[in-house]
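Participant: Sharing a sequence plus its predicted fold:
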Amino acid sequence: MLLAIDCGNTNTVFSIWDGKSFIATWRTSTEWQRTADQYYVWLSTLMEFQKIDVAINEVIISSTVPRVVFNLRVLSDRYFNCRPLVVGKPDCLLPQPPRVDEGTQVGPDRVVNAAGAFDRHSGNLIVVDFGTATTFDVVDTDGAYVGGVIAPGVNLSLEALHNAAAALPHVDISKPQRVVGTNTVACMQSGVFWGYIGLVREICARIKAERGVPMQVIATGGLAPLFQQAENLFDAFEDDLTMHGLTVIHKYNKDNT
Ligand SMILES: Nc1ncnc2c1ncn2[C@@H]1O[C@H](COP(=O)(O)OP(=O)(O)OP(=O)(O)O)[C@@H](O)[C@H]1O
Ligand SMILES: CC(C)(CO)[C@@H](O)C(=O)NCCC(=O)O
Ligand SMILES: [K+]
């Protein structure tokens with residue numbers, strides 16, 4: 001059974017894939033200090049709690065934080081007796097290598113999103129991922145990642161206001177009733193929420209104009225539904241896109257080595 005690990009700058013998601021569907025998904029904060037033993041205690045406790053009695057014998061990892069990979073490798077080796085596939089390393093094949101400027105290290109999450117979205121929708125896509133950063137990944141007709149956009153994440157933008165301005169509190173994102181806020185929190189939420197609606201709309205429009213072809217916009221990440229409910233910005237929303245991409249890349253490697 002396959003364990004797929006998607007390690008972002010804020011959260012790390014573990015999912016177990018039985019070849020047809022994900023039988024469990026768990027999330028923890030990303031901390032590079034966490035050891036293989038700590039991961040295993042946490043994972044095995046959750047598996048026991050949910051009565052998931054399966055043998056994990058394959059692992060695939062995508063990590064935007066290079067430092068965490070070491071302990072995840074130890075986890076695979078020590079507890080699952082296997083060598084993990086790590087997206088972005090030379091021994092992990094990709095269905096289509098990214099076409100970007102020489103020397104660019106594309107975030108593995110973006111490469112994985114491109115593979116997952118292409119598998120479900122085929123080409124000419126914009127994948128919008130609302131994580132720590134909000135990324136836009138452009139996927140060509142052959143499935144290659146060919147570039148995109150990196151914008152500050154929603155929570156990061158709110159935190160930046162709070163951190164930089166003494167009078168601005170910590171605020172969670174939500175859709176404000178009005179654009180004109182009549183208190184500090186409402187003003188901040190309006191700036192970030194409606195600012196983001198504009199950002200997403202403008203960037204997608206400009207990508208489509210620049211590419212000159214019809215493109216589908218696929219959204220993923222925890223905050224995507226909030227924006228989708230407000231304005232219908234996306235053609236599809238897929239919660240598990242990164243995880244799906246990991247299974248696609250894992251299968252590609254099995255079939256081609
Ligand atoms: N309505 C909401 N308000 C605030 N936060 C939310 C809401 N809905 C979901 N979230 C949070 O949004 C975050 C999105 O998760 P996601 O995995 O997409 O990105 P992340 O974990 O923040 O970033 P990264 O993948 O870069 O680590 C999660 O932390 C989730 O708890
Ligand atoms: C942009 C993030 C932080 C989004 O998770 C990640 O994909 C990353 O670290 N990327 C490296 C730079 C790039 O993708 O071009
Ligand atoms: K993510």
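Facilitator: Looks like it arrived, so ask away. Numbering: from 1, shown residues only. Ligands and ions are numbered 1, 2, ... in the order given.
Participant: contacts, neighbours, all on C-alpha from now
Facilitator: Fine.
Participant: In stretch 118-137, which of the residues would be classed as buried?
Facilitator: Across stretch 118-137, burial judged by 16 or more other C-alpha atoms under 10 Å covers 118, 122-137.
Participant: show me which of those residues neighbour ligand 1.
Facilitator: Among these, the ones lying close to ligand 1 by the criterion of C-alpha under 6 Å from any ligand atom are 130, 131, 132.
Participant: where do the strands sit along the protein?
Facilitator: Along the chain, the segments classed as strands by DSSP state E run 2-7, 11-17, 22-29, 58-63, 85-86, 125-130, 133-139, 145-152, 216-220, 236-237.
Participant: Quick check: which of these has the most neighbours on average?
Facilitator: Comparing the strands of the chain by mean neighbour count (mean count of other C-alpha atoms under 10 Å), strand 125-130 ranks first with a mean of 26.
Participant: and residue 53, how many residues sit next to it?
Facilitator: 9 (other C-alpha atoms under 10 Å).
Participant: Quick one: the ones next to ligand 1 among the buried residues of stretch 118-137 as a markdown table, columns for pLDDT too.
Facilitator: Shown next, in a markdown table, are those (pLDDT from 0 to 100):
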| residue | pLDDT |
| --- | --- |
| 130 | 98 |
| 131 | 96 |
| 132 | 97 |
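Participant: how's this structure carved up into domains?
Facilitator: Residue ranges for the domains of the chain, per the TED database: 2-86, 121-242.
Participant: Distance to residue 103 added to those domains, as JSON lines?
Facilitator: Output for these, formatted as JSON lines (distance: least, C-alpha to C-alpha, whole Å):
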{"stretch": "domain 2-86", "distance to residue 103": "17"}
{"stretch": "domain 121-242", "distance to residue 103": "13"}
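Participant: what are the ranges of the helices in this structure?
Facilitator: 36-49, 69-79, 108-121, 154-164, 184-211, 224-231, 241-255 (DSSP state H).
Participant: Lowest mean pLDDT across those helices, which one is that?
Facilitator: Lowest mean pLDDT within these: helix 224-231, at a mean of 92.
Participant: Could you pull out the buried residues of it?
Facilitator: Residues of helix 224-231 classed as buried: 224, 225, 227, 228 (neighbour count, 16+ other C-alpha under 10 Å).
Participant: Now do the first one against ligand 2, distance only.
Facilitator: Counting by C-alpha to the nearest ligand atom, to the nearest Å, the separation of residue 224 from ligand 2 is 15 Å.
Participant: What parts of this protein come near ligand 2?
Facilitator: Contact residues (C-alpha under 6 Å from any ligand atom) of the chain with ligand 2: 8, 64, 105, 106, 107, 109, 110, 133, 150.
Participant: closest to residue 164 among the residues you listed?
Facilitator: Ranked by distance to residue 164 (C-alpha to C-alpha), the residues of the chain next to ligand 2 are led by residue 133 at 18.4 Å.
Participant: Quick check: beta-bridge partners of the closest one?
Facilitator: With DSSP bridges as the criterion, residue 133 is bridged to residue 152.
Participant: hmm, back to that, with the ones next to ligand 1 among the buried residues of stretch 118-137 in mind, which one is nearest to residue 206?
Facilitator: In terms of C-alpha to C-alpha, no member of these lies closer to residue 206 than residue 130, at 18.7 Å.
Participant: could you redo the buried residues of helix 224-231 as TSV and give each row distance to ligand 1?
Facilitator: Shown next, in TSV, are those (distance: C-alpha to the nearest ligand atom, whole Å):
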residue	distance to ligand 1
224	8
225	8
227	10
228	12
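Participant: Would you agree residue 115 is in contact with residue 247?
Facilitator: No: using C-alpha atoms under 8 Å, residue 115 makes no contact with residue 247, being 9.5 Å away.
Participant: of these two, who's got more company?
Facilitator: Each of residue 115 and residue 247 has its neighbours counted (other C-alpha under 10 Å); residue 115 has more, 27 against 23.
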